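In: Kindly return the folded structure for what I paste below:
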Amino acid sequence: MARALPGLEEEAGLGGSRSECPRSGNAASVARRSGNRREVRAAPASRDRQGSLTLRSRRAYRRDVEREVIITGIGGQGIQLMAKILAQAANCAGKQVMLFGVYGGMMRGGSSESTIVISDEEILAPPIIPQTGNVLAMHPMGLAELAKKLRPGGLLFVNSTLVKAVPRDDVQVIGIPATRLAEEAGNIIGAGMIALGAFCAATQLVDHDAVVQAMRDSLPPHRRHLAEKNVPLLHQGADFIRRGMGMTSASSVAGHLP
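Out: The predicted model follows:
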């Protein structure tokens with residue numbers, strides 16, 4: 001059964017390209033690209049200072065080891081950049097990370113989706129998952145089909161400015177009016193940064209400071225001038241959750257992680 005959500009208008013967004021996160025020790029990363037698909041596999045740089053940043057595996061599901069996140073939207077919203085920032089932040093926290101992005105040929109308006117798997121241990125299977133515990137939807141395009149992958153009781157984060165209804169009534173919905181907040185901040189292309197800041201604050205999968213640093217490291221040279229504009233947007237998204245907005249609280253979501 002679909003549920004209606006309050007919301008408003010529309011949005012554009014950021015793009016990004018490959019960038020390396022600072023690492024230490026014997027860390028390494030391998031990136032493979034084929035057509036419009038990209039997979040990044042990275043080894044950890046240092047041990048996690050947060051304790052329980054985990055995601056889960058498809059083939060051998062281990063609740064205490066792995067967690068998966070799917071970020072979805074349309075071209076121009078910065079979906080691939082958001083996923084890369086999350087993956088980089090987790091990797092720099094000492095986690096094993098896999099990132100798999102799929103996007104259409106259109107720079108703007110086509111479908112865009114990225115899957116991130118974060119684990120305390122080596123990830124052996126590619127991040128093509130039949131189920132997930134976490135979805136962040138920036139646009140309604142493709143959400144009805146993608147929501148089928150969400151486990152009962154999972155977390156569905158939506159850009160409630162654009163996503164007016166959700167196709168599941170057995171999941172926990174966290175509405176973030178990212179496009180409206182970005183517009184009010186005078187930076188409508190930064191809606192993805194607001195949503196990412198809120199997602200990370202709610203789930204506590206990665207530390208906020210690590211997300212900010214990963215954003216700086218992920219921006220290509222021709223977009224680094226956006227870094228200082230993105231920082232307050234990440235803060236704004238995190239503050240939105242910390243103020244108890246979004247239909248839930250950060251502590252309740254973190255304790256509810258599927």
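In: make it CA atoms for all contacts and neighbour counts henceforth
Out: OK.
In: ok, which stretches of the chain are helices?
Out: Taking DSSP state H, the helices of the chain run over residues 79-92, 143-146, 178-184, 191-203, 208-218, 227-242, 250-256.
In: Mind putting those into TSV with distance to L124 and mean pLDDT?
Out: Formatted as TSV, those follow (distance: least, Cα to Cα, whole Å; pLDDT from 0 to 100):
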stretch	distance to L124	mean pLDDT
helix 79-92	16	96
helix 143-146	23	92
helix 178-184	35	97
helix 191-203	24	97
helix 208-218	24	96
helix 227-242	32	96
helix 250-256	26	42
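In: Switch those over to JSON lines; also include mean neighbour count.
Out: Formatted as JSON lines, the helices of the chain follow (neighbours: other Cα atoms under 10 Å):
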{"stretch": "helix 79-92", "mean neighbour count": "27"}
{"stretch": "helix 143-146", "mean neighbour count": "16"}
{"stretch": "helix 178-184", "mean neighbour count": "22"}
{"stretch": "helix 191-203", "mean neighbour count": "28"}
{"stretch": "helix 208-218", "mean neighbour count": "21"}
{"stretch": "helix 227-242", "mean neighbour count": "20"}
{"stretch": "helix 250-256", "mean neighbour count": "16"}
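In: Dump these to TSV, plus distance to V166.
Out: What follows is those, written out as TSV (distance: least, Cα to Cα, whole Å):
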stretch	distance to V166
helix 79-92	19
helix 143-146	8
helix 178-184	16
helix 191-203	17
helix 208-218	27
helix 227-242	20
helix 250-256	18
